[in-house]
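S.K.: Prediction below, plus the sequence it came from.
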Amino acid sequence: MQPQSSDSLVDIPILEDLDAPKQVSVTSDGKQQVYLETYGCQMNVSDSEIVAAVLRENGYGLTHDADAADVVLINTCAIRENAEQKVRRRLGELRAQKTKYNPDLKLGVLGCMAERLREKLLDQEKLVDLVVGPDAYRDLPNLLNEATDTGQAAVNVQLSKEETYQDIQPVRYDTNGVSAFVSIMRGCDNMCSFCVVPFTRGRERSRPVASILDECKTLVESGYKEVTVLGQNVNSYRDGQNGSTVDFAELLYRISLISPDLRIRYSTSHPKDCSEALLHVHAERDNVCNYIHLPVQHGNTDMLQRMRRTYSREQYLDLVERAKQIVPGISLSTDIIAGFCDETEEEHKDTLSLMELVRYDHAYMFMYSERPDTYAARKYEDNVPEEVKKRRLTEIIQLQSGISLESNRAEIGNEHVVLVEGTSRRSEEQMSGRTDSNKMAVFDRMDFEKGEYVRVKVTDCTSATLIAEPLGRA
Ligand code: SAH
Ligand code: SF4
Ligand code: F3S
């Protein structure tokens, strides 16, 4: 998960691997082979698993080889201009291949760009055969038939107020078999002024508790050891069915009861409604990880107001203080935007000073990118010059990298329980996995296996990784 885009020099949060495509690696005996490539956030990765399930259910096979595919689907992201540029370049390549080698190939655009651009995609990206928005994946088999039968492009970008794909068992095609995403809600009602997500994903809706618990139980039975539950703002999760209301804290608590061996993480938590009850679930339940991704976006109250985040710098800092009191040792990460409309040098410095105060273990940092139709695009001017945005982002990144290094250095000598995810990227002789606090640790392979909990002692570090000595199975 180390995507590097021109506006983000570090890896991306809910947006893990924002720009690195993930590819299907399952094949079956379906009549037609589908190749699926995913850009964007964890929600998109999770959606692609639903797409894979819908298609497999309808007799399609899944292939990891784009050249062998009858259908190529690109699940896209619209969060920043450069995310869209990347997809456009990829579509250009695929179109060229289609024209040259395989005119019968069906090329489809799914996800947030499909929703944002709709029919415009058909004009702009000639030879696209399918345009399918995030709430229309059940319709994919029909749309594929329609495109084949008519030779015309098929489009469904209808957004829904109900669809949660609750009954679909995702096909986890790109899995390490240890950790999985579980989507608990869709859409977003927050309308932060910079953000395109409410337009691409529609109204917020929660998936019923029972279907979430069932999916988590099935994962445990299949040997999974970690779930990350997903929503654009998990704190506003509500399931009001069956007489009583279950909120996010209660949902997390119920998931934590499924198995003491199942670690639970979540993303993303909006600071405006991160409750004390939720912090107490972290404190009381050992298997709810000691880590919250709590995006602040900016350190200045006026800017937060322009961003429509509905909290002030002081309220955010109070929340962090409460979190640190209630959950001692809690690890925090954040998202930060540099160079939003009208940002002054003083306001930018407030972001730096907030980072010093909170001392995040990790941050995902971006340059503001204006998105059409958002409140900011309509009402404010994108008036911070590019070079100023870049310089401010660099200052933010440099500060964070120093803080991350210090935070990791402070771990030297400490013991942690790590869930082994596999061999390290650098060496087959090393295993890697995350601590409860979401820090990546590498240690000697010994005879440890993927999916085991191992107690380690930290001996050294970089700003991104803890280097550790294994002490034994935990
Ligand atoms: N729902 C999550 C965020 C999802 S988008 C939340 O509210 O925290 C992930 C991150 O992308 C955001 O937190 C924000 O930092 C960044 N982002 C969103 N729109 C952006 C834009 N127009 N330009 C730059 N960064 C943006
Ligand atoms: Fe975008 Fe704000 Fe919704 Fe997050 S909470 S997805 S930043 S509108
Ligand atoms: Fe995710 Fe990108 Fe859509 S961040 S919600 S895939 S715009």
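M.R.: Sure, I can see it. Numbers count the residues shown, from 1 in each chain. Ligands and ions are numbered 1, 2, ... in the order given.
S.K.: if I pick whichever residue of the stretch 351-474 of the chain sits closest to ligand 3, what's in contact with it?
M.R.: Relative to ligand 3, the nearest point of the stretch 351-474 of the chain is R371 (8.9 Å; CB to the nearest ligand atom). Glycine gets a C-beta too; all of them are placed from N, C-alpha and C. Applying CB atoms under 8 Å, 6 or more residues apart in numbering to R371 gives the contacts 78-81, 194-196, 377.
S.K.: what would the residues you listed look like in JSON lines with neighbour count, distance to Q232 and secondary structure?
M.R.: Below are the contacts of R371 laid out as JSON lines (neighbours: other CB atoms under 10 Å; distance: CB to CB, whole Å; DSSP: H, G, I helix; E, B strand; the rest coil):
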{"residue": "A78", "neighbour count": "24", "distance to Q232": "14", "secondary structure": "coil"}
{"residue": "I79", "neighbour count": "23", "distance to Q232": "11", "secondary structure": "coil"}
{"residue": "R80", "neighbour count": "25", "distance to Q232": "16", "secondary structure": "coil"}
{"residue": "E81", "neighbour count": "15", "distance to Q232": "20", "secondary structure": "helix"}
{"residue": "F194", "neighbour count": "26", "distance to Q232": "14", "secondary structure": "coil"}
{"residue": "C195", "neighbour count": "21", "distance to Q232": "9", "secondary structure": "coil"}
{"residue": "V196", "neighbour count": "25", "distance to Q232": "12", "secondary structure": "coil"}
{"residue": "A377", "neighbour count": "16", "distance to Q232": "19", "secondary structure": "helix"}
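S.K.: can you narrow these to ones near ligand 3?
M.R.: 78-79, 196 (CB under 6 Å from any ligand atom).
S.K.: can you give me the helices for the stretch 1-150 of the chain?
M.R.: 42-57, 81-101, 112-117, 120-124, 140-150 (DSSP state H, counting those that start in this stretch).
S.K.: Out of these, which is closest to S312?
M.R.: helix 42-57 (28.1 Å; CB to CB).
S.K.: For D318, which three-state class applies?
M.R.: Here D318 is helix, with the state taken from DSSP: H, G, I helix; E, B strand; the rest coil.
S.K.: tell me the domain ranges of this structure?
M.R.: Using automatic domain parsing, the domains assigned to the chain come out as 25-156, 179-408, 415-473.
S.K.: What residues does this structure have near ligand 1?
M.R.: Residues of the chain found near ligand 1 (CB under 6 Å from any ligand atom) are 14-15, 79-80, 194-195, 197, 232-233, 268, 270, 295, 297, 335, 337, 366, 368-369, 371.
S.K.: From T228, how far off is E125?
M.R.: 32 Å (CB to CB, to the nearest Å).
S.K.: just to revisit the earlier point, any chance of the contacts of R371 in CSV, plus pLDDT?
M.R.: As requested, the contacts of R371 are arranged in CSV below (pLDDT from 0 to 100):
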residue, pLDDT
A78, 97
I79, 98
R80, 98
E81, 97
F194, 98
C195, 98
V196, 98
A377, 98
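S.K.: Nearest to D167 among those residues?
M.R.: Here the nearest of these to D167, counting by CB to CB, is A78; it sits at 27.5 Å.
S.K.: related to what we said a few turns ago, so which of the domains of the chain gets nearest E162?
M.R.: domain 179-408 (6.3 Å).
S.K.: ok, the closest residue to ligand 3 within the chain - how many residues close by?
M.R.: Distances from the chain to ligand 3, computed as CB to the nearest ligand atom, single out G40 as the nearest residue at 2.8 Å. G40: 29 surrounding residues under other CB atoms under 10 Å.
S.K.: Return the residues in contact with the nearest residue to it once chain neighbours are set aside.
M.R.: What sits nearest to G40 in space, not counting adjacent residues and going by CB to CB, 6 or more residues apart in numbering, is C77, at 2.9 Å. With contact set as CB under 8 Å, 6+ apart, C77 has these partners: 15, 18, 39-41, 44, 83-84, 87, 111-113.
S.K.: ranges for the strands of the stretch 101-250 of the chain?
M.R.: Listed in chain order, the strands of the stretch 101-250 of the chain (DSSP state E, counting those that start in this stretch) span 106-111, 130-132, 154-156, 179-183, 185-186, 205-206, 226-230, 238-239, 246-247.
S.K.: could you redo those strands as JSON lines and give each row mean pLDDT?
M.R.: Output for these, formatted as JSON lines (pLDDT from 0 to 100):
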{"stretch": "strand 106-111", "mean pLDDT": "97"}
{"stretch": "strand 130-132", "mean pLDDT": "97"}
{"stretch": "strand 154-156", "mean pLDDT": "96"}
{"stretch": "strand 179-183", "mean pLDDT": "97"}
{"stretch": "strand 185-186", "mean pLDDT": "98"}
{"stretch": "strand 205-206", "mean pLDDT": "97"}
{"stretch": "strand 226-230", "mean pLDDT": "98"}
{"stretch": "strand 238-239", "mean pLDDT": "96"}
{"stretch": "strand 246-247", "mean pLDDT": "96"}
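S.K.: how about TSV for those, with mean neighbour count added?
M.R.: Output for these, formatted as TSV (neighbours: other CB atoms under 10 Å):
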stretch	mean neighbour count
strand 106-111	24
strand 130-132	25
strand 154-156	20
strand 179-183	21
strand 185-186	26
strand 205-206	20
strand 226-230	22
strand 238-239	18
strand 246-247	20
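S.K.: Show me which residues of the chain sit near ligand 3.
M.R.: So the chain meets ligand 3 at 15, 40-41, 43-44, 77-79, 111-112, 196-197, 200-201 (CB under 6 Å from any ligand atom).
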